[in-house]
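S.K.: This is the structure alone, sequence omitted:
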């Protein structure tokens, strides 16, 4: 089977945290992704009781150029998180699988002698710019002046001439998924997420964000300024009561399609961080062991099916079966997309996205992969399950999956 498979030995995720996912234009809308990244970078080290000086690699990812200093995102996250100045920083990007790729890159660096890597993914969808790419030479009298919404245009793939919603509609037609089935899945995702929030399922992974200043001796201070009249945010803002009748009333994005605003992922801002090191060096129970990764390419016009071949490759090379996996967290870019993956793999729905997913929580592109892994790891520990797989489709036609193991599993 084509694709890239990587197996990891003695690799652990020591700790992982995230900010709340907050709706587009909400309390985090004016905060630079660098500052959100600094917040979770500092917090994950504090939670793990690890001094920043122990970190010897910084890996960070963000999709949009959401601040004028965006080029410096990895470096400034490392420096203002307190990591030693001599420690290098690397930017990582694999669109919706960026969070997975951060972990994959960290595991690879451990083979080369790195002892502890700080992985941070941060995304401000609200600060995606209104951009122009052809005006460096100025404007001619009477000439066309063209500015476009970067966030909207980024959802369009010019190769097949389709936006991401249309690729999910393609999968709906291929797998015979009608509007009712798609809306029912979306409704279940919303209800599961709301119940998980009520049950405190994410309390251990979410760090509250408030107004604060980040100092770095000898350099300019940075900080977080939330929206006016907001002192702090402490939980995801998008989960809300949703019923099937309300979803069925929404108009499809494309005529004849099944995808709507209600059964597609929410647009949110947020950041996440993880510490990756050697399992044998972990002085306290690790959150998870990272065992393997798989990345594949698929047809861009059916990009949402990517998790299926990635999961197949992962299982085949690891010598496992679907029945060996206690939980699956597959990113819900669109309801038809994740249903198509479930149909293709014949997944047991009771093990898939049991706490809801991005339809209800939202999908801050770079950060979603880390959220999937940390939520999956905590589910495995809570239910004494051994293996879990987190996976996502990737715009342009890719799929990526990670296999993790519960270090506290007892047969």
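M.R.: Structure's in. What do you need? The shown structure was predicted, so the numbers you read here are calculated from the model rather than taken from an experiment.
S.K.: and residue 337, what pLDDT?
M.R.: The confidence metric pLDDT takes the value 98 at residue 337.
S.K.: In contact with it: list those residues for me.
M.R.: Residues in contact with residue 337 (Cβ atoms under 8 Å, 6 or more residues apart in numbering) are 167, 168, 171, 304, 305, 393. For every residue, glycine as well, the C-beta is placed using N, CA and C.
S.K.: Closest one of those residues to residue 235?
M.R.: Distance to residue 235, by Cβ to Cβ, is smallest for residue 393 among these, at 26.9 Å.
S.K.: is the closest one in a bridge, and if so with what?
M.R.: Beta-bridge partners recorded for residue 393 (DSSP bridges): residue 399.
S.K.: So it versus residue 311, what's the distance?
M.R.: Relative to residue 311, residue 393 is positioned 11 Å away (Cβ to Cβ, to the nearest Å).
S.K.: Can you check which residues contact both of the two?
M.R.: Taking Cβ under 8 Å, 6+ apart as the criterion, residue 393 and residue 311 both touch residue 399.
S.K.: more crowded one of these two?
M.R.: Between residue 393 and residue 311, counting by other Cβ atoms under 10 Å, residue 393 is the more crowded of the two (34 against 27).
S.K.: Pretty sure the more buried one sits against residue 399.
M.R.: Yes: the criterion here is Cβ atoms under 8 Å, and residue 393 meets it with residue 399 at 5.6 Å.
S.K.: buried ones in stretch 242-249?
M.R.: By 16 or more other Cβ atoms under 10 Å, the buried positions in stretch 242-249 come out as 242, 247.
S.K.: what about the protein, any weak spots by pLDDT?
M.R.: Residues of the chain meeting the criterion pLDDT under 70: none.
S.K.: Please, where are all the helices along it?
M.R.: Remark: helices assigned in the chain by DSSP state H are 33-48, 73-80, 98-111, 150-153, 164-174, 179-198, 244-248, 307-318, 335-345, 358-361, 368-382.
S.K.: list residues touching both of residue 393 and residue 399?
M.R.: Residues touching both residue 393 and residue 399 by Cβ under 8 Å, 6+ apart: 305, 306, 307.
S.K.: Count the residues that sit near the last one.
M.R.: In other words, residue 307. A count of neighbours around residue 307, defined by other Cβ under 10 Å, yields 34.
S.K.: any idea how far residue 270 is from the residue minimising distance to the centre of the chain?
M.R.: Centroid-nearest residue in the chain: residue 368, 1.1 Å away (criterion: Cα atoms, centre = their mean). Distance, residue 368 to residue 270, by Cβ to Cβ: 9 Å.
S.K.: swap in residue 154?
M.R.: Computed as Cβ to Cβ, the residue 154 to residue 270 distance reads 17 Å.
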